[in-house]
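[1] for reference, the sequence and a predicted model appear below.
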Amino acid sequence: MKWFRLFARWVKILVGRSYYHQPQRLGKAFRPGELAGYFNDLTKKTRWVGSVDKEGIPVNILADGRRVYFPTTIVQKALGHWDEWLLTNDRAHKEEFTKLCRWLLARQDEPGGWPIWQNLGLPTPSPYSAMTQGECISAFVRAWKLTSDPAFAEGAKRAFDLMCRPIESGGTAIIDGENFFLEEIPVVPRTSILNGWIFALFGLYDLWLATEDEDVHRLFMLSYNTLKQHLQEYDAGFWSYYDVLGHLSSPFYHDLHLYRLRALAMLDNDSVITDCLKRWIAYQRSWKNRARALLTKAIQKLWNPGEVVIIQ
């Protein structure tokens, strides 16, 4: 049963039918330099087909049968509704976005975050994720501009403070000299999952756009420059790596990386980003590379399949 569940899950991922692995392109209303649409297209995340509570909030079901609220699921759905509202002017999307943001704000803990790893059985030094913190910042600054409620601005600032705190102090950052890593899964030694780091970066970017706070901009640039200096660590020579531990990206995550780099290139068109983007696009266009990547990833998954933690 376990192997069947793993196989079924990976088939859905490969054909893009998993709710969590649908193609995510550039945000359709994204405009660099403006607090408009989100940089990443999460509009398909609005079509949640899983369980909900009596308020309509998504509830995830874990492999052990537990029903939990997973903040990443909820904030991504919120950001999808934000973009749908901008694109369609449908008030229902605006109301759903606001409802989900208020739910997240009410459940932000005292340090300023949303603990997630204990529920998933991961014993990390910090219970938080830079990816989730960054996405909540991006949602909150938009909710602040929409509603003028200062509680959202305060929530975004608290989420920022926690995200940028070192792991040893309960945050999600690894600070090594002039290097400033934002960790989706905060462990030492660092894993530095590429897509999670970029989601966190855009949280900083959005907060800076909303507040014009120079300290926020300084940390954004510090982490962005760190990313550029370490970007070669994600290049396998024929495909992209998911993290710095040598886990090859699935086709979904390689495609996601291309659009994340496209968004970054729209910010400053740095050659480090654009050259990497061109190289990774070329990798994707080669059927030999695609086949090699798929086979390599399959072998990695057979060797170390991991656990199916979230089944819905």
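    Yes, it's here. Residues are numbered from 1 along each chain as shown.
[2] how about stretch 240-248: buried residues?
    Across stretch 240-248, burial judged by 16 or more other CB atoms under 10 Å covers 240-244, 247-248. C-beta: built from backbone N, CA, C; applies to glycine.
[3] just the CA atoms of that stretch, as PDB, please.
    Provided in PDB are the C-alpha atoms of stretch 240-248 (Å, rounded to 0.1, in the frame of the first residue of the first chain):
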ATOM      1  CA  SER A 240      18.900  22.000 -12.000                       C
ATOM      2  CA  TYR A 241      19.300  20.800  -8.500                       C
ATOM      3  CA  TYR A 242      16.400  21.200  -6.000                       C
ATOM      4  CA  ASP A 243      18.800  22.000  -3.200                       C
ATOM      5  CA  VAL A 244      22.500  22.100  -2.400                       C
ATOM      6  CA  LEU A 245      22.500  18.500  -1.200                       C
ATOM      7  CA  GLY A 246      22.500  17.100  -4.800                       C
ATOM      8  CA  HIS A 247      18.800  16.200  -5.100                       C
ATOM      9  CA  LEU A 248      17.900  16.700  -8.700                       C
END
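[4] which other residues reach that stretch?
    190-195, 230, 233-236, 239, 249-250, 253-254, 257, 280, 283, 293, 296-297, 300 (CB atoms under 8 Å, 6 or more residues apart in numbering).
[5] so how do I select the buried members of those in ChimeraX?
    Of these, the buried ones can be selected in ChimeraX as follows, counting by 16+ other CB under 10 Å:
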select :190,191,192,193,194,195,230,234,236,239,249,250,253,254,257,280,283,293,297,300
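[6] counting only helices, which of the contacts of stretch 240-248 make the cut?
    Of the positions in these, 194-195, 230, 253-254, 257, 280, 283, 293, 296-297, 300 sit in helices, assigned by DSSP state H.
[7] of those residues, closest to residue 118?
    For the ones in helices among the contacts of stretch 240-248, the residue nearest residue 118 by CB to CB is residue 195; the value is 22.4 Å.
[8] against residue 194, how distant is the closest residue to the closest one other than its chain neighbours?
    Nearest-residue entry for residue 195: residue 256, 5.4 Å, with adjacent residues in sequence omitted and distances by CB to CB, 6 or more residues apart in numbering. Separation of residue 256 from residue 194 (CB to CB, to the nearest Å): 9 Å.
[9] and the helices in the stretch 101-250 of the chain?
    130-147, 150-163, 194-211, 214-230 (DSSP state H, counting those that start in this stretch).
[10] so for the last one, mean pLDDT?
    Within the predicted structure, the mean pLDDT of helix 214-230 is 97.
[11] now do the strand or helix carrying residue 78 against helix 194-211, angle only.
    Under the criterion of DSSP states H and E, residue 78 resides in helix 71-88. Angle, helix 71-88 to helix 194-211, by axes from the mean of the first three to the mean of the last three CA atoms, to 10 degrees: 60 degrees.
[12] buried residues in helix 71-88, which are they?
    Here helix 71-88 shows 71-86 as buried, counting by 16+ other CB under 10 Å.
[13] picking up where we left off before, which one of the buried residues of stretch 240-248 is nearest residue 134?
    Nearest to residue 134 among the buried residues of stretch 240-248, counting by CB to CB, is residue 243 at 16.8 Å.
[14] for that closest one, give its distance to residue 236.
    From residue 243 to residue 236 the distance is 12 Å (CB to CB).
[15] any weak-confidence spans in this structure?
    Of all residues in the chain, those with pLDDT under 70 make up the ranges 1-17, 301-312.
[16] quick check: chain neighbours aside, which residue is closest to residue 232?
    residue 276 (7.9 Å).
[17] helix/strand/coil for the one you found?
    Three-state call for residue 276 (DSSP: H, G, I helix; E, B strand; the rest coil): helix.
[18] that one against residue 264, yeah?
    No. Residue 276 lies out of contact with residue 264 (CB atoms under 8 Å); the separation is 9.7 Å.
[19] higher neighbour count, the two?
    The residue with more neighbours, out of residue 276 and residue 264, is residue 264; 26 against 22, by other CB atoms under 10 Å.
[20] from the buried residues of helix 71-88, pick the one nearest residue 212.
    The closest of the buried residues of helix 71-88, once distances to residue 212 are taken by CB to CB, is residue 82, at 21.1 Å.
[21] list the contacts of that closest one.
    Contacts of residue 82 by CB under 8 Å, 6+ apart are 37-38, 93, 97, 139, 142.
[22] distance check, it against residue 164.
    Taken as CB to CB, the span from residue 82 to residue 164 is 24 Å.
[23] equivalent analysis for residue 256, please.
    Residue 256 sits at a distance of 24 Å from residue 164 (criterion: CB to CB).
[24] same question, residue 153
    Distance of residue 153 to residue 164, given as CB to CB: 17 Å.
[25] more neighbours, the two?
    Using other CB under 10 Å as the criterion, residue 153 and residue 164 rank with residue 164 on top: 23 against 18.
[26] please state the backbone phi and psi of the residue nearest to residue 170 when sequence neighbours are not counted?
    Nearest residue to residue 170, sequence neighbours excluded (CB to CB, 6+ apart): residue 126, at 5.4 Å. When read as degrees, to the nearest 10, the backbone of residue 126 gives phi -120, psi 140.
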